[in-house]
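K.L.:
test case, fold it:
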Amino acid sequence: MLRLWACLLLVCFAQAVPFYSDFMQHLTRPLPLSLHRTLLAPIPFAPLEPLRAQPSQRVASVWAAPHQPRPQADPLNAPLLPLYSSSYGSDGITDTEFVPLEQQQQQQQHQQRQQGRQDAVATAVAPASDQKPFNVDTITSDVNSPNPAVFFQQSFPFFGNEFFNSFGGFGFGNAQEPWWKGPNVCTEKEENEGATTETDGDESVDTFGQERDGAGSVVRSPLFGQFHFSVNSCAEKPNKHVCTKIVNQNGKKKTLTLTRQCCHGYGRPRNADFATPCEKIEIKDIEATAADMGAKQFIESAKSAGELGDMLASNSGKKVTVFVPNDAAFQEYRGQHQQENNVEDSKADASEKTTSIYKLHSVLGDVQLEDVPNEKLLQTELPGQKIRINSYQLPPALSPEPYRYAANCVPIEKHDKLSEQALVHTLNGVLKPLTKTVMDIIRDRPDMSIMRAVLEKTNISAMLEADKPVTIFVPTDAAFDKLEPHLRRTLKEGRGCASNILKNHMLDLTFCSLATLPGAKTTAYNLLGEPLLFNRTQRASNSTEESAVYINSVAKILDADVMGTNGVLHVIDTILPTESALPMTSLMSQKNLTIFKQLLEASGFDDQFDDLDNATIFAPTDKAMHNSEWARLVAEQPESLKGNKDLLKFLNYHVIKPMIKTCDLSESSLPTVEGTNVRLNLYSTHALFSDVMNRATVNCARLVHFDDESCGSVLHQLDRPLTPPQNNLLQSLEANPNYSKFLELVRKANLTHLLTNDSDSFTLLVPKNDVFEELSESTESKATTQSQAELVAQVKTHIVNDVVCCAGIIPTNWPFVRSIESISGHHLRITRDRRPKIENAGVTKCDVVATNGILHEINDVIVPRPTQQHRRPQIPPNYQPHDDFDVFF
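P.N.:
A predicted model of the protein is given here:
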């Protein structure tokens, strides 16, 4: 019997695994204590408390923003929920009906009373509503969804709760009833119908496992027998529980929504346990409510000015939401604008500007912040003026509230307090009318003239005048003076990387300074997809000033939250650097490639390199260039390099197109800007994993640092400068008198055509003349009597039909021995001790680059090891063993 229980439990667990995988991703983030309590509750699980989703992928968060958004769950293909019952007609087509929980409970109670009168057969065919499904609740959050959380539940109607409750020792048992099943809960039902589009094919499979043709007739029976699979998505908030079901039946789509919330005059404490019921709350007049929230002066001022009635829309009978500045903020506002706005004057001749302040803080409708999506614009009672609501996620360790809210970047201190006349939110500041876009604000400020000119020359100003939300961190004119002259000139002219540098300062959302907290590092992603890290310093205990905010530990925000109609700008004191937006010469300075950069500047070709786009630059390190002739000339006679054509040829030989990062490198020959080709080779330095290529060379020069991006190009560093080869392999032998004896052998073997073939690449292993001179007389006499075939084989043993640079030869020991194959067919072992070694010969000079390969100078004639043939021992004929131990292996 225990085996049967175990098997059934495994089946159930297999069904729930995909949902647990989604859930486990959330365990990497801090969870509310109430959520921990819920996770430890006995099964069947009650609905979990909400884990708020991020309003936008790029929105500020104290956790690193996700490299990519979580895929949205498909409600039509996900499993199943117990909030709806299903029955099957005689034709086998499912008839799905919305059944509220209250009705289900009444049906269950009625069925329990009738159960004693039913026989065993009737009990076996009880309707689905009589079953008690086992619910597995898992959490997933939609990054771009306005809902704070989405719950997906799986239902197993073929198992009863009694099955799982039989495991008493595993913590299974009855759970507490959630609050939305308790008293003082009002229910709203909404149903929408619509037709869905059929698939393009002749046949389709609907959500209930029945395959249908284009006419809608069933061509195959249900895949799952009498099991019904459906999906529900539920969002739970402190005072509201919303479940939505989407049904697709016979090509018709039906959306069923059931909303349960505390009735008017009832509520639940914030961060309450899921079982805490809705309780009666005290509702006061708006003046008393505002006084309790520390914001009575604004209401009193509106009342004395005769504007309170207009704010509350007393004559319309509509619901109203009021954003009330707290007393400290309103006192400061009155002190600054007493003469200008005369907000204290309650007489009938108060100016229109005075009355607009009150209406600007009033919105028609019941605006509960937990229901408002990020970047939502609320129309105020002042014509043409809107309030932008933003929300920012907070960790439980820093705040009991999961989110901080802002209205036009003014912090909202307390929210969702119900009064007799309106819903009240308190602000830590006074809202001001907004009439200008972010770009208009930049144009009006005299300390942003350079930024205005760069924005207009790059046409990025159009983004700051559009309706989509935007945040820009604007450097002052003094910040531009801190740049090096070349970069400052490039930016002012709008050339090169100017657009990238500007995008490094921009976000495609409204980022208010309140998103930053002391002790928390807030991250947001700019238009380049690069992270900006915000850090707010701790404020001194005796200071009343706001603590400073730094971006990437480089720039300080001087003036925060300058609000426009389409976003916000922050004034900073330093331009934010980014390697992807730096000119190539600036990137070389940053990477300490000073000699190569000095050659560019001395020759006057630095602007040409900075304007390169979609290019790859292989720059030698200073150590590699130190003893070169070009380094001597730039140090001693820099004036002689101005416009030097040979130098330009040398520099352009280090540039190829297109832009290639190391992950895209492959063994190939690529043309340079100079005109001739460079050869790229890949090698493995892993003794065991020889197929893992982790070392790259260009003309046998090793890449020692790589993938540094500039504006539209990439920079790799080499351990030696590149020089275009002038000779092929045969010409390289002829040019060096120390290789004359080997050249003589090549000619005797009639293999010169191989060394002049430019359509292939070879590695030539050349012993010097003194190697042949050290051979004994007997060896020389043997060489003179060598046949032509033997001579050809000996020369071919020194030729490899591949490019094997010294950088690709690594130390190896048995059994991880590597070898290369010569064109004679012999396998030559390669390794490295003090120097690279090929079979019995050491390499004394590496990587003489030719147009059709490379040449290595070696200190011995290569003698390949004889091929060992392993033969099985043969038993002599008529052999008789002398005893049992006389055997052959």
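K.L.:
and Lys845, what helix or strand is that in?
P.N.:
Lys845 belongs to strand 841-850 when elements are defined using DSSP states H and E.
K.L.:
what does the very next helix or strand once past that strand contact?
P.N.:
Where DSSP H and E defines the elements, the next helix or strand beyond strand 841-850 is strand 853-858. Outside of strand 853-858, the residues within contact range by Cβ atoms under 8 Å, 6 or more residues apart in numbering are 700, 729, 732-733, 739, 760-768, 771, 803-806, 836, 838, 841-848. From N, CA and C alone the C-beta is placed, and that goes for glycine too.
K.L.:
please check these and keep the buried ones.
P.N.:
For these, burial is judged from neighbour counts taken by 16 or more other Cβ atoms under 10 Å, and it is met by 700, 729, 732-733, 739, 761-768, 771, 803-806, 836, 838, 841-843, 845-848.
K.L.:
can you list which of the residues you listed are found in strands?
P.N.:
Under the assignment DSSP state E, these contribute 762-767, 836, 838, 841-843, 845-848 to strands.
K.L.:
of those residues, which pair is most distant in space?
P.N.:
Phe762 and Gly842 (20.2 Å; Cβ to Cβ).
K.L.:
how long is stretch 280-295 end to end?
P.N.:
Looking at stretch 280-295, the gap from its leading to its trailing residue is 24 Å under the measure Cα to Cα, to the nearest Å.
K.L.:
list the buried residues in that stretch.
P.N.:
For stretch 280-295, the neighbour count (16+ other Cβ under 10 Å) marks Ile286, Glu287, Thr289, Ala290, Ala291, Met293, Ala295 as buried.
K.L.:
go on, stretch 295-303?
P.N.:
In stretch 295-303, residues buried by neighbour count (16+ other Cβ under 10 Å) are Ala295, Lys296, Gln297, Phe298, Ile299, Glu300, Ser301, Ala302, Lys303.
K.L.:
likewise stretch 709-728?
P.N.:
With the criterion 16+ other Cβ under 10 Å, stretch 709-728 contains buried residues 709-718, 720-722, 724-725, 727-728.
K.L.:
stretch 649-659 now?
P.N.:
Applying a neighbour-count criterion of 16+ other Cβ under 10 Å, the buried positions in stretch 649-659 are Phe650, Leu651, Asn652, Tyr653, His654, Val655, Ile656, Met659.
K.L.:
if we can go back for a sec, out of the buried residues of stretch 280-295, which sit inside helices?
P.N.:
Of these, the ones assigned to helices by DSSP state H are Ile286, Glu287, Thr289, Ala290, Ala291.
K.L.:
if I look at the second one, how far off is Ala295?
P.N.:
The spacing between Glu287 and Ala295, counted by Cβ to Cβ, to the nearest Å, is 10 Å.
K.L.:
same check, this time on the third one
P.N.:
When distance is defined by Cβ to Cβ, Thr289 is 9 Å away from Ala295.
K.L.:
so what's in contact with those two at the same time?
P.N.:
With Cβ under 8 Å, 6+ apart, Thr289 and Ala295 have common neighbours Val424.
K.L.:
just to revisit the earlier point, list just the nearest of the buried residues of stretch 649-659 to Cys262.
P.N.:
Each of the buried residues of stretch 649-659 was scored against Cys262 by Cβ to Cβ, and Met659 proved nearest at 59.2 Å.
K.L.:
so what's that closest one up against?
P.N.:
For Met659, the contacting residues are Asn614, Ala615, Thr616, Gly712, Ser713, Val714, taking Cβ under 8 Å, 6+ apart as the criterion.
K.L.:
please repeat the previous calculation with a cut-off of 10 Å.
P.N.:
Shown in contact with Met659 (Cβ atoms under 10 Å, 6 or more residues apart in numbering): Leu612, Asp613, Asn614, Ala615, Thr616, Ile617, Glu709, Ser710, Gly712, Ser713, Val714.
K.L.:
circling back: which neighbouring elements make contact with the strand holding Lys845?
P.N.:
Under the contact definition 3 or more Cβ pairs under 10 Å, 6 or more residues apart in numbering; DSSP states H and E, strand 841-850 sits against strand 701-709, helix 729-735, strand 762-767, strand 827-832, strand 836-838, strand 853-858.
K.L.:
for that strand, list the C-alpha coordinates in PDB.
P.N.:
What follows is strand 841-850 as a C-alpha-only set of coordinates in PDB (Å, rounded to 0.1, in the frame of the first residue of the first chain):
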ATOM      1  CA  ALA A 841      64.200  19.200 -32.500                       C
ATOM      2  CA  GLY A 842      64.000  22.400 -30.500                       C
ATOM      3  CA  VAL A 843      62.700  25.700 -32.000                       C
ATOM      4  CA  THR A 844      65.500  28.300 -31.900                       C
ATOM      5  CA  LYS A 845      63.600  31.000 -33.900                       C
ATOM      6  CA  CYS A 846      59.900  31.300 -34.000                       C
ATOM      7  CA  ASP A 847      57.300  32.600 -36.400                       C
ATOM      8  CA  VAL A 848      59.100  34.000 -39.500                       C
ATOM      9  CA  VAL A 849      55.900  35.100 -41.300                       C
ATOM     10  CA  ALA A 850      55.600  34.600 -45.100                       C
END
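K.L.:
ok and that strand relative to strand 853-858, angle-wise?
P.N.:
Regarding strand 841-850 and strand 853-858, their directions subtend 150 degrees when assessed with axes from the mean of the first three to the mean of the last three Cα atoms, to 10 degrees.
K.L.:
direction included, what does strand 841-850 pair against?
P.N.:
Sheet pairing of strand 841-850 (DSSP bridges) gives strand 836-838 (antiparallel), strand 853-858 (antiparallel).
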